[in-house]
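K.L.:
Just to be clear, the model below is a prediction. Sequence and coordinates:
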Amino acid sequence: MAASLVFRLQDRGPELLREVLLERGWEEYDEEEREEEDWNLYWRSTAFRSSEYHNLLPWQRLNHHPKTVGITRKDCLARNLRRMRATVGSSLYDFSPTTFILPNDYTRFLAEYNKLRLTRGPSIYWICKPLDLSRGRGIFIFEDIKHFVYDCSVIVQRYVSNPLLISGYKFDLRIYVCVKSFHPLTVYIHQEGLVRFATEKYNLSSLNNLYSHLTNTSINKFGPFYKTEKEQVGPGCKWTMSKFRHFLNSQDVNQLLLWQRISNIVTLTLLTIAPSVPSCPNCVELFGFDILIDVKFKPWLLEVNYSPALTLDCPADITVKKGLISDLIDLMNYTFIDSLRQRAYQGQGYKQPCFNVNQHVLPKVKETKFQKRRNRNQSSQTQTLPLLKTLCKPEINQSQHAFVSNYNRHLPPVDLNKIYAARGRIINTTATKIQTDKTLNLILVGDFIRTFPFNTATLRASQSHKLDVKIVIQQLQRLTGQLATSDMEVKENKDRMK
C-alpha cells in the first residue's frame, strides 16, 4: 500500500491549511521521524531559497514560484507597470493609479502634484504606503503636501476618491489567483473571493479616519462599529463574493464585462513578470489581488499580496477560505505516483533536481526508472487541463456560465479518457470514480476558473519558447472589445424599449 501524502509547514502554520490537509488524509512532516526529502508539499509564508528550488524532487511541490517579488512588493509592481505602460501603451495599463516611489521620484511627484493643483484645483487626494509594511500599517491619506511627511521609503499614489459605495461604505475585492505555471503561463481565478468593507461611512472631509477609508480587516476589526449592524452591509466587515454578485444583479450591472476587466488586470499584471520568472514545474502560487471598483464600475488594482492571509476572522472567511484551500490542493494534481516517493527514494538512492534557478530550463540528467515512468505519465496529459475533483458537471449561475463559455471557446479538443488514464486516481479521503462525461468543462477545478490561456491563440503564445506578450495583449483587447460592444447593444435595446 502506498504511503500517505505528506505536508510540511513553516512554523506550523497556517492552521487552516493543516486542518484541510489532515481532513483529506495527509500526514504532517516530522523531521525526527522522516527523511529530509520525504514530503510532498512544503508551504511557507516567506520566499524559498534558490537551493530549495534547485534540489526539488519529482514528487515535491512548493507554494511559491521563484522571483515573483516583481508584483508583490509595492515598488517593484509600480516599476513593472510603468515599464509596460511605456512599452505597450498607457491605454492598456490604465488600471493602476499614478504612482511615485519616494525618495527617488520626489521631483516627479512634486511636478505632478503642482500640475494637478493648477489644472484641477485642490480636490486631488493622495495615499502614502510604506514599502515594507502590510495590513494597512503606516498608510495615510493627504490632500495638501504641507501635511505630507515620511521617514522611510514609500510609494505615493493618486487616491481613487470616487469609489463605488454600498450604503455609504467603501469596499474592495480580494481576488484569489492561482498561477499554476509561468512556462506556459497558466492562471486560475477563484470565484468565491472576499469583499472587504470599511466600518465607517466614506467621508473625504475626514482623511485621518482610517475606519472610513481603509478596508483592511486587521484595522477594521478593532473599529468601534465592527460588530454593529450596518445598513445593508451587516455586522463585521466582509461579504462573500457570491453575496456581492447578488448585489450587482440587483443593480442591473453587466457582470460579465466587469469580471472580464478584472481578469484582464490579473493577466496584464502577471505579464509584467512572466518572461523573467524561471521555469519551475513543481511550484504553484496563490496571490491575493486587491481590486477597487469606482462609481463608473472601472476596476483598479491596489496591490498584489504574497501569501494572502488564511486566518478565519468571521463566517465569510470560513466559507471562502476553506473551499479555496481545498480547491487549490485539487489544482496541484497530486496522483498515485506522488505517494510512492518514499519507495522511489529508498529504492533508487538517486536525487535529481527539478529546477535550476539560474536557467529557464530543467537540467539534463540521467533519469531513473521511476522518473521515466512519471515523465511518460506527464507527457500523455493535455497541457493546462487539470483533473477535476467533482463527480459531475459543476453547477454555476448564468453569469458564471457566460464567463466560462468565453474562455472555453476554441480550446483544443480533449480526450478525457486519455487524461484520466494517465493521471490515475485522486488521493483523497473519499474514494471516488471519475466521470468521463465529454460535456464536463475541464477549465473548472472546484471554484477555480482557468482564465489564461483562454483560446487557441493565447495557448500557442504561452507555449512558445518565449511568451508572446504582443499576441496575448491583442487577444485580450479583442475579447474585451467584443464584450463591450455587446454591452452597448444591450443598453441601446433597453433604451429603445423605454
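P.N.:
Okay, I see it.

K.L.:
Any idea which helix or strand in this structure has the lowest mean pLDDT?
P.N.:
Every helix and strand in the chain was compared by mean pLDDT, DSSP states H and E; the lowest is helix 416-423, with a mean of 32.

K.L.:
what element comes up after it heading to the C-terminus?
P.N.:
strand 444-445 (DSSP states H and E).

K.L.:
That following strand: how far from the chain's middle?
P.N.:
Put simply, strand 444-445 sits 15 Å off its chain's centre (C-alpha atoms, centre = their mean, to the nearest Å).

K.L.:
Give me the sheet partners of it and which way each runs.
P.N.:
Partners of strand 444-445 in the sheet, by DSSP bridges, are strand 448-452 (antiparallel).

K.L.:
Quick check: what element follows the strand it pairs with along the chain?
P.N.:
Counting by DSSP H and E, what follows strand 448-452 is helix 456-463.

K.L.:
now the angle from that following helix to strand 448-452?
P.N.:
Helix 456-463 and strand 448-452 are oriented at 80 degrees to each other (axes from the mean of the first three to the mean of the last three C-alpha atoms, to 10 degrees).

K.L.:
quick one: average pLDDT of helix 456-463?
P.N.:
Averaging pLDDT along helix 456-463 gives 88.

K.L.:
What of stretch 100-117?
P.N.:
Stretch 100-117 shows a mean pLDDT of 93.

K.L.:
And it, how far out from the chain middle?
P.N.:
Put simply, stretch 100-117 sits 31 Å off its chain's centre (C-alpha atoms, centre = their mean).

K.L.:
what does stretch 443-457 give?
P.N.:
The answer for stretch 443-457 is 13 Å, by C-alpha atoms, centre = their mean.

K.L.:
Also stretch 116-126?
P.N.:
Taking C-alpha atoms, centre = their mean, one finds stretch 116-126 lying 34 Å from the centre of the chain it belongs to.

K.L.:
Just the residues contacting that stretch, thanks.
P.N.:
Contacting residues not belonging to stretch 116-126 are listed as 113, 141-144, 148, 156-159, 161, 204, 207 [C-beta atoms under 8 Å, 6 or more residues apart in numbering]. All C-beta atoms are positioned from the backbone trio N, CA, C, and that covers glycine.

K.L.:
from those, which single one is nearest E23?
P.N.:
Q157 (41.3 Å; C-beta to C-beta).

K.L.:
Doesn't the closest one belong to a strand?
P.N.:
Yes. The assignment for Q157 is a strand, going by DSSP: H, G, I helix; E, B strand; the rest coil.

K.L.:
how far away is it from V177?
P.N.:
For Q157, the distance to V177 equals 21 Å [C-beta to C-beta, to the nearest Å].

K.L.:
which of those two has more neighbours?
P.N.:
Neighbour totals were compared for Q157 and V177, and V177 leads with 24 against 20 (other C-beta atoms under 10 Å).

K.L.:
Just the angle for the helix or strand that one falls within relative to helix 456-463, thanks.
P.N.:
Following DSSP H and E, one finds V177 within strand 169-182. Strand 169-182 and helix 456-463 are oriented at 60 degrees to each other (the same axes, to 10 degrees).

K.L.:
who does strand 169-182 touch, helix- and strand-wise?
P.N.:
Packing partners of strand 169-182 (3 or more C-beta pairs under 8 Å, 6 or more residues apart in numbering; DSSP states H and E): strand 185-190, strand 194-197, helix 255-271, strand 285-293, helix 315-331.

K.L.:
For R108, which of these is the nearest?
P.N.:
Closest to R108 of these, according to C-beta to C-beta: helix 255-271, at 22.4 Å.

K.L.:
and K146, how many residues sit next to it?
P.N.:
By other C-beta under 10 Å, 7 other residues sit near K146.

K.L.:
A helix includes it, no?
P.N.:
Yes. Counting by three-state DSSP, one finds K146 located in a helix.

K.L.:
dump the residue contacts of V195.
P.N.:
V195 makes contact with F171, D172, L173, R174, K238, W239, T240, M241, K243, F244, according to C-beta under 8 Å, 6+ apart.

K.L.:
D172 is in contact with the last one, correct?
P.N.:
No. Look at F244 against D172 with C-beta atoms under 8 Å: they stay out of range, at 10.9 Å.

K.L.:
With neighbour numbers in mind, choose between the two.
P.N.:
More neighbours surround D172 than the other of F244 and D172, with 24 against 18 (other C-beta under 10 Å).
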